[in-house]
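> I need the structure of the sequence given here:
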Amino acid sequence: MARRTTRFSTCFAIALAVALALPAARAGEQHKLTLDTYETALLEASGHPNELNRWHGLWAYQNGRIDEALEFFERAAMYGDKLSQHALTLMYWNGDEGVARDPVVAYVWADLAAERGTSQDLLHLRERIWQELTPQQRRQVREIGPGYHARYGDAVAQKRMNAELRRFMRNQTGTRVGLLTSQLDISLGRPEWGPGGAWSGIGQIRTTGTEYYAAHRTEPAAYWKAEDKHLRALFEGRVEVGPVRKASSDSDADRDGK
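Predicted coordinates:
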């Protein structure tokens, strides 16, 4: 049986991340992750280590630092980030630059990404990969899978993330410095105009405490519900599976992992 692969170009990866962070975006659009967008995203992801590490991973991936991308995606995966687990699935399944193709590890990540059962596309991808595994590879999955689930599965990962959400909520602006409805200025710690009058291009994000500390950003049940909703909308009808093809080094096409 011919090997199968799921496309994971840099542009597609960025589109996925932007679509999750900005619900109004469409997953089919192609986005370029600029430095401004990246640094702004980090500010908006404050207090959410899954999102912070996901963005770091995407930035590293776009800039060709594949080892760093793997490390950041794995960190995000420890906090139940299904998009990062999906990214790891594709990197190991395709055999990205600097990543040895490993269908067994790819399936384990696919199983983790689909474990909530809220995304039909992730479930479908997991089953398609399983069908491509040999009997020996399936035995290997059963051997190593429990260890991955003990570290990255929702039973432990969501507890880690819930603790971070509660910590983030405790740091909210309240009676000590003003009302939650007051305007907040969130900055990178440097002015818009740097030394010598050079424009940094970043500046501040303006929001309100009510928006910044909304339930879907601070309360575990509401947060996970919002995450699953965005994930379903993001992947709906857009997971492509096709034959492995040889690609040139400067192409965004699929890699055969050789």
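> low pLDDT regions in the stretch 1-150 of the chain?
In the predicted model, the stretch 1-150 of the chain carries pLDDT under 70 at residues 1-32.
> how does it look with 90?
1-46, 58, 61-64, 90, 94-99, 117-122 (pLDDT under 90).
> which stretches of it form helices?
For the stretch 1-150 of the chain, the helices defined by DSSP state H, counting those that start in this stretch occupy 10-21, 35-44, 49-62, 66-77, 82-94, 103-113, 120-132, 135-152.
> buried residues in the second one?
It stands for helix 35-44. With burial defined by 16 or more other Cβ atoms under 10 Å, the residues of helix 35-44 counted as buried are 37-38, 40-41, 44. The way it works is simple: take the backbone N, C-alpha and C, and place the C-beta from them, glycine included.
> same check, this time on stretch 145-158
145, 148-149, 152-153, 157-158.
> Alpha carbons of it, as CSV, please.
Output of stretch 145-158 as CSV, limited to C-alpha atoms (Å, rounded to 0.1, in the frame of the first residue of the first chain):
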residue,chain,number,x,y,z
GLY,A,145,1.6,5.1,23.5
PRO,A,146,0.8,4.8,27.3
GLY,A,147,4.0,6.7,28.1
TYR,A,148,3.0,9.6,25.8
HIS,A,149,-0.5,9.7,27.2
ALA,A,150,0.8,9.8,30.8
ARG,A,151,2.8,12.9,29.9
TYR,A,152,0.6,14.7,27.3
GLY,A,153,-2.9,13.3,27.6
ASP,A,154,-5.7,15.5,28.8
ALA,A,155,-6.0,13.7,32.1
VAL,A,156,-2.7,15.4,33.2
ALA,A,157,-2.3,18.2,30.6
GLN,A,158,-5.6,19.9,31.3
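> and stretch 153-166, what's its mean pLDDT?
Averaged across stretch 153-166, pLDDT comes to 96.
> I misspoke; the intended subject was stretch 222-242.
pLDDT averaged over stretch 222-242 gives 72.
> of all the buried residues of helix 35-44, which comes closest to Ala100?
Distance to Ala100 across the buried residues of helix 35-44 (Cβ to Cβ) is lowest for Tyr38, with 27.8 Å.
> Settle this for me: the closest one is touching Trp59, isn't it.
Yes: using Cβ atoms under 8 Å, Tyr38 is in contact with Trp59, at 5.1 Å.
> that older thread, I'd like the buried residues of stretch 145-158 written out as CSV, with distance to Val105 added.
CSV is the format used below for the buried residues of stretch 145-158 (distance: Cβ to Cβ, whole Å):
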residue, distance to Val105
Gly145, 10
Tyr148, 8
His149, 13
Tyr152, 12
Gly153, 15
Ala157, 17
Gln158, 22
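> Nearest to Glu68, out of the residues you listed: which one, please.
Out of the buried residues of stretch 145-158, the member with the shortest distance to Glu68 (by Cβ to Cβ) is Tyr152, at 18.6 Å.
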